[in-house]
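1. build me a structure from this.
(chains A and B)
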Amino acid sequence: MREPEAVEILLVEDNPNDVELTLHALRTSHLANDIKVVRDGEEALDFIMCRGPYSDRDINSGPRLILLDLKLPKVDGIEVLRQTKADPRTKMIPIVILTSSTQDKDIVESYALGVNSYMQKPVDFHQFTESVHQLGLYWLVYNQAPHKV
Amino acid sequence: MLAIATMGPLALLSTLSVNSVYSTLSVASERRLSDASALASVYVATQMKALTILEDSYAHRLALVTALRDGNHLNYDGPAILETVKDLRSVQPETRFAGIIDPAGFFWLNEDPPQPQTSYGRPNTTRDWYIGVTRVGKAYVSSAYVSALPGTPLVIAITTPVWADGRFAPAGTRVGILIVGYDLTATQRLFSDFARNQGVQIEVTDQNGNIVAQSGVVPSSLVQDKSAGVTAALAGKSSFDRVSAKGSDSFAAYAPVAGVGWTVVTSLIAADALADANRLRAQVVFITIVLLVILTFAKAILYVVSRDRQTAQAALAGSNVRLEQRVKARTSELEASNRELEAFSYSVSHDLRSPLRSIDGFSRMVLEENEGRLAPDSVRKLGIIQAGALQMGMLIDDLLSFSRLGRVELKKRRVFTDGVVAEVIAELKQENPERNIEFVVHELPACYADPILVRQVFRNLVGNAVKFSRLLPVARIEVGSIPAIPANSHMVTFFIKDNGAGFDMRYIDKLFGVFQRLHRMEDFPGTGVGLALVRRIVERHGGKVWAEGAVDLGATFYLTLEDGNART
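-> Sure, this is the predicted structure:
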């Protein structure tokens, strides 16, 4: 039985259009029913670390995958990545950067901080849908996650 | 050195001349002539030596060595070179032109008349002054020639190699040649006056036997002296001869001029030769004085040169400190503007894409959600909206990689060009399975370059050849190289030739510009950045890129890169 607050995917994205496009892509892939959307880095950290408005959330209840944009209000994506990967309670959660940037600096820094994948959002929506589909399939279905300790 | 070298002949000549006073008159005349000849030979040699010492001191100046950097003319520091050249001219008023020849033999800068600070004209590798300085490896006095500059009589060029000192290129690399065109008019008068004081006639020829100076006349065109005496002197042998010309009988002495390979002919009309011995004695005194003057002159030059060097070194120590401060300030400015540029391209890559994704994504969603309900024309228009967004996305990507190229550090190593071309061709074949293309790839030399960027160059050029030949049933694309010319042997030239749509040579200047396209989008799609990128990469490698073509007859692109076999 699934706990009511269990979340499969946390989508961290500030651009409402990109939120809608990503949700559309995930929906057409029939991949995830439980998607939580947060709109800035601070809210993302609150959610992941179960603090502030999310303090009564169970830290063991997910998410199973974080889709993270880099350019975010308040706290940027790199910082969210750093803190999540630095905390022993959350560092096992796969994080996929989903961003417009293809700057070498961002890619190198993300990998240095332990990101699991880095994907550029293609301008072509068809390609975008396909990429999100593959991504969800891989991390939620094919990939073998460690058992919770 | 020079002082000691001159002291020897001075003592010898004085002794010889004084002795001759007590000899018989005919012997005296012969000896007087040979003495005058030896003296004239030393005099001419000293004059020329003084010129080469001066130019040599300029060729070793730290300012000039620094300005020529690694010998690549693209890296030359124009203003610094100009300053050295100007200084040299102010010291030596007989200078008609002065400049630098780059290692490939091109005139890089010619100060009079002022020329653009870039290689121009043809390579000068067949000129005497180029061959000479290359052979001797130090200051070289060329044969005389008539300058192309109006109002100039005979000139000689003095060429001196400028050697790298290890900071920008391995020590001993020739990074350029300092060339000074020297007007002979003043020297001609000097030699003529010298001979008159000696009571002899003089003729000075260059290494080709062409007369550069003559008693009483200022030669303004090249006349060759083909006499046996001059020919022998050119081969290094002194000789003495009795010549009968125009009814007058004269003695002539032929002597080689040390160092420059010139000759001096002194002659005496027989009747004058039998002059009174006392006159000879007076002349011996004069000879001695002249020699002393020359000696003092040479010493003064040596002194000026060494003092100049000391002052320069002291000034240099001070200016180095200031330079370092300026470099630091400039570096931090550059770093700041680089950071700004990065921030700009960051926001371009990030912020410009999002709206495009929305345009494409939402118009596609409208299409999906209303499948079968939209009028065909509305579907077409939505398609145009999507295509526009995708095209703009490509433009942004290309523009970003173009701007990134200006900042990325080159990681040069030896690259096997044929391997790169084979990979690129395999890739293009896979991407265009429906095309019938005959690829002809010749043997290609290795190059010394950044492998990733070289791959991009060939990818763009061969990719263009594929694209612009797509309307042909059978396309033919040829990749090869052109043998290097000896003067430029460290560069290799490649070409990529196709039989496709070609281009109109009238628009050649637009070919390599950013966002410049010579064909309609519906015929040959593209962003107009590919060739600009090629040019930027090749030029950052110190090479050149150019093209030839004609409408519907195909195009050939050429590029030069450093030879991979020149370095090991």
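2. kindly report the residues of the stretch 351-500 of chain B close to chain A.
-> Residues of the stretch 351-500 of chain B lying close to chain A (CB under 8 Å from any CB of the partner chain) are B:351, B:353-354, B:356-358, B:360-362, B:364-365, B:386, B:389-390, B:392-393, B:400. C-beta here means a position set from N, CA and C on the backbone, and glycine is covered the same way.
3. restricted to buried residues, select those in PyMOL.
-> Those of these that count as buried under 16 or more other CB atoms under 10 Å in any protein chain shown are selected in PyMOL with:
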select buried, chain B and resi 353+354+356+357+358+360+361+362+364+365+386+389+390+392+393+400
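4. and for the residue in the stretch 251-400 of chain B that chain A sits nearest to, nearest residue in space, chain neighbours not counted?
-> Per CB to the nearest CB, B:Gly393 is where the stretch 251-400 of chain B lies closest to chain A, at 3.4 Å. Leaving out its chain neighbours, the residue that sits closest to B:Gly393 by CB to CB, 6 or more residues apart in numbering or on different chains is A:Val123, at 3.4 Å.
5. who touches the closest residue to chain B within chain A in this structure?
-> Distances between chain A and chain B by CB to the nearest CB are smallest at A:Val123, namely 3.4 Å. Residues in contact with A:Val123 (CB atoms under 8 Å, 6 or more residues apart in numbering or on different chains) are B:353, B:356-357, B:360, B:389-390, B:392-393.
6. any idea of the pLDDT on it?
-> You'll see A:Val123 listed with a pLDDT of 83.
7. secondary structure element holding it?
-> Under the criterion DSSP states H and E, no helix or strand holds A:Val123.
8. quickly list what B:Thr95 is bridged to.
-> For B:Thr95, the beta-bridge assignment (DSSP bridges) gives partners B:Tyr182.
9. contacting residues for it?
-> Contacts of B:Thr95 by CB under 8 Å, 6+ apart are B:88-89, B:180-183.
10. now do the residue of chain A closest to chain B against B:Leu352, distance only.
-> 10 Å (CB to CB, to the nearest Å).
11. check B:Val421 too.
-> From B:Val421 to B:Leu352 the distance is 34 Å (CB to CB).
12. can you show me the strands along chain A?
-> Counting by DSSP state E, chain A has these strands, from start to end: A:9-12, A:35-38, A:65-68, A:95-99, A:117-120.
13. do the longest one and chain B meet at all?
-> If I follow you right, that is strand A:95-99. Yes - interface with chain B: strand A:95-99 contributes A:Thr99 (CB under 8 Å from any CB).
14. paired strands for that strand, with orientation please.
-> Strand A:95-99 is paired, per DSSP bridges, with strand A:65-68 (parallel), strand A:117-120 (parallel).
15. quickly compare the ones you listed and say which is most buried.
-> When the strands paired with strand A:95-99 are scored by mean count of other CB atoms under 10 Å in any protein chain shown, the highest mean neighbour count falls to strand A:65-68 (a mean of 27).
16. state the mean pLDDT of that one.
-> 93.
17. ok, for B:Ala195, nearest residue in space, not its chain neighbours?
-> B:Ile202 (3.4 Å).
18. find the helix or strand that the one you found is a member of.
-> strand B:201-205.
19. distance from the chain centre to that strand, please.
-> Remark: strand B:201-205 is offset 35 Å from the chain centroid, using CA atoms, centre = their mean, to the nearest Å.
20. report the buried residues of it.
-> B:201-205.
21. kindly report the same for stretch A:9-16.
-> A:9-15.
22. next: stretch B:301-314.
-> For stretch B:301-314, by 16+ other CB under 10 Å, it's B:301-302, B:305, B:312.
23. just stretch A:16-26 next, same as before
-> A:18-26.
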